[in-house]
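In: heads up, no residue letters with this:
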């Protein structure tokens, strides 16, 4: 019975170590592809009504991304949030955004919210968002 307890513990420890190793492997692969760049750029978000294509002024834009961490002092990257509103033409220009993964959220009363993880790879990218009006409840 002592041997079976020992064997069970050994199997459990090996299983946990294997899972942690597998999780770390997946995390490392994600780190390599989703790391924020030290390069910054300007992006433009254009918000339009889904059906008509008309500009939506005063739509609320939230942009979320990670500050790149330096190579000299390893630390947890800090999240950066930009909040802005679109102009009369439904446009919002955001400067000094790190290249790499971002989360873009757009909300406007009377429309469904939009949220998407995007990848900024080039300078001066333009993202067009079309917001739908909610369907009536039956």
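Out: Nice, I can see it. These numbers come from a predicted model, not from an experiment. Numbering: from 1, shown residues only.
In: dump the residue contacts of residue 106.
Out: By CB atoms under 8 Å, 6 or more residues apart in numbering, the contact set of residue 106 is 45, 47, 59, 60, 61, 62, 113, 114, 115, 129, 131. Every C-beta, even on glycine, is put in place using the N, C-alpha and C of the backbone.
In: same check, this time on residue 43
Out: By CB under 8 Å, 6+ apart, the contact list for residue 43 reads 63, 93, 94, 97, 120, 124, 125, 126, 127.
In: Helix or strand: which one has the fourth one?
Out: Read it as residue 97. Element membership for residue 97, per DSSP states H and E: strand 91-98.
In: Which residues does that strand contact?
Out: Strand 91-98 is contacted by residues 36-47, 55, 59, 61, 63, 65-68, 80, 82, 84-86, 120 when judged by CB under 8 Å, 6+ apart.
In: Drop anything exposed from the contacts of residue 106.
Out: For the contacts of residue 106, a burial check counting by 16 or more other CB atoms under 10 Å picks out 45, 47, 59, 60, 61, 114, 129, 131.
In: Tabulate those residues in TSV, adding columns for pLDDT.
Out: Compiled in TSV, the buried ones among the contacts of residue 106 are given as follows (pLDDT from 0 to 100):
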residue	pLDDT
45	97
47	98
59	97
60	97
61	97
114	96
129	97
131	97
